[in-house]
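*Asks:* here's my sequence, what's the structure:
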Amino acid sequence: MHDYCKLTSSAQSRVREQNQMHLFKQTVAELVRRWRVPMADVEGMYDQDLLSFSPEPNLALEPPQEAELSFLLTLKKAGWSDELMLKALSGLTKPYCYDAQKMLYDVSQRRWLTRSSLDERELTIEGQINRAREDKDIKTLKDIASEAMRALVALTEEALNQEQSDN
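*Replies:* Sure thing, here's the model as predicted:
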């Protein structure tokens, strides 16, 4: 399968509390060591109100806290300054516990988007028609029919013009 994606609102990539027990929670110190960043950088994020929890080195992180810190460290490692982070993150809901693997920042629109996988079926015209039929989406079906009719007319005109030029 090809690596297609669709873009949706950033809210869909938030990491939620999970009911499953986590046997091996990471501490802040372990996560910081894994990311190879100074603890002072993480403390600075907390001081600037980017991080929603106090990054005590021995704090065992819950999944949303780990996601939040990993998300912020991803931006930091990518070279984002604190000022840029503050501006860009103002459009997201705190705490910033987003899946960094799914988030995209649209620089031209200054907004966050979520990347999610597309089923190949959604990329084919048959898939779009079937989905619109299932959703009873008359507008989409009309748009598809209209576009198909325009393509058919254009192709017919091209064939006629080609036939006339050949004679």
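*Asks:* from now on I want contacts and neighbour counts done on CA atoms only, so please keep to that.
*Replies:* Fine.
*Asks:* tell me where the protein has helices.
*Replies:* 28-35, 39-47, 63-77, 82-89, 125-134, 138-166 (DSSP state H).
*Asks:* quick check: which of those helices is nearest to Leu113?
*Replies:* Nearest to Leu113 among those is helix 82-89; the distance by Cα to Cα comes to 12.0 Å.
*Asks:* now that closest one against helix 39-47, angle please.
*Replies:* 50 degrees (axes from the mean of the first three to the mean of the last three Cα atoms, to 10 degrees).
*Asks:* pull out the buried positions in helix 82-89.
*Replies:* Neighbour-count burial for helix 82-89, with 16 or more other Cα atoms under 10 Å as criterion, is recorded at 82, 85, 88-89.
*Asks:* and these, which is closest to Leu152?
*Replies:* Closest to Leu152, out of all of the buried residues of helix 82-89 and judged by Cα to Cα, is Ala88, at 45.3 Å.
*Asks:* thinking again about what came up before, make TSV from the helices of the chain and add mean pLDDT and distance to Asp106 to it.
*Replies:* As requested, the helices of the chain are exported to TSV (pLDDT from 0 to 100; distance: least, Cα to Cα, whole Å):
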stretch	mean pLDDT	distance to Asp106
helix 28-35	94	25
helix 39-47	94	23
helix 63-77	91	14
helix 82-89	90	10
helix 125-134	82	26
helix 138-166	90	26
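*Asks:* out of these, which is the most enclosed?
*Replies:* helix 63-77 (a mean of 19; mean count of other Cα atoms under 10 Å).
*Asks:* from the chain's centroid, how far away is that one?
*Replies:* Centroid separation for helix 63-77 versus its chain: 15 Å, with Cα atoms, centre = their mean, to the nearest Å.
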